[in-house]
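1. quick one: sequence plus predicted model below, questions after.
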Amino acid sequence: MAAYIDQVMAALGTRLNTISGLRGFPIAPDDPPVPCAFPLVPDVPSYREAMRRGTYVVTYQVALLTGAQADTGQAKLARYASPTGPTSIRAVLEDGDKTLDGLIDDLVVDSFASRGLEEVGLIGYYGGLFQVRVIASGV
């Protein structure tokens, strides 16, 4: 059975929430508490290509937000973006159960792009986006 987009988002949020000190969410929270991470609804470039019978691949963006304080916000951003370590988002997603408890077949964290200092509403955050490629069985 093919995984629904919201099911994958919820599973990613649950996995992100296992990192000590990070709040993982299945969707973007209204007033993001920092530090936090959450998947965004992915683009589906082609339903004929992405969700055909067999397997499909959809790339999810996972947003990461830390505090706006230059010294601590950037340091936290760097630790979460690190390829290894206890707070590495890449490591918690790829080195654990890459099937998200059997929901998908595999996932790969392809990249991280730092977004620097950004505003969400009236509040400033240091943030970035991970590209997470999800491979799952089709219908």
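-> Cool, the structure landed.

2. for this structure, which residues score under the pLDDT cut-off?
-> Applying pLDDT under 70 to the chain flags residues 1-2, 47-53, 70, 139.

3. find the residue at the geometric middle of the chain.
-> Val62 (2.7 Å; C-alpha atoms, centre = their mean).

4. for that one, which non-adjacent residue is spatially closest?
-> Phe130 (4.2 Å; C-beta to C-beta, 6 or more residues apart in numbering). Placement of C-beta: from N, CA and C, glycine included.

5. just give me the neighbour total for that neighbour.
-> Neighbour count of Phe130, defined by other C-beta atoms under 10 Å: 23.

6. could you look up the SS state of it?
-> Secondary structure, DSSP: H, G, I helix; E, B strand; the rest coil: Phe130 is strand.

7. and if you look at Tyr80?
-> Applying three-state DSSP: Tyr80 is helix.

8. got it, and the one 3 residues further on?
-> Three-state secondary structure (criterion: three-state DSSP) places Pro83 in coil.

9. which residues touch it?
-> Residues in contact with Pro83 (C-beta atoms under 8 Å, 6 or more residues apart in numbering) are Arg90, Ala91.

10. can you check the one 3 residues further on too?
-> Remark: with contacts taken as C-beta under 8 Å, 6+ apart, Pro86 is in contact with Ile19, Ser20.
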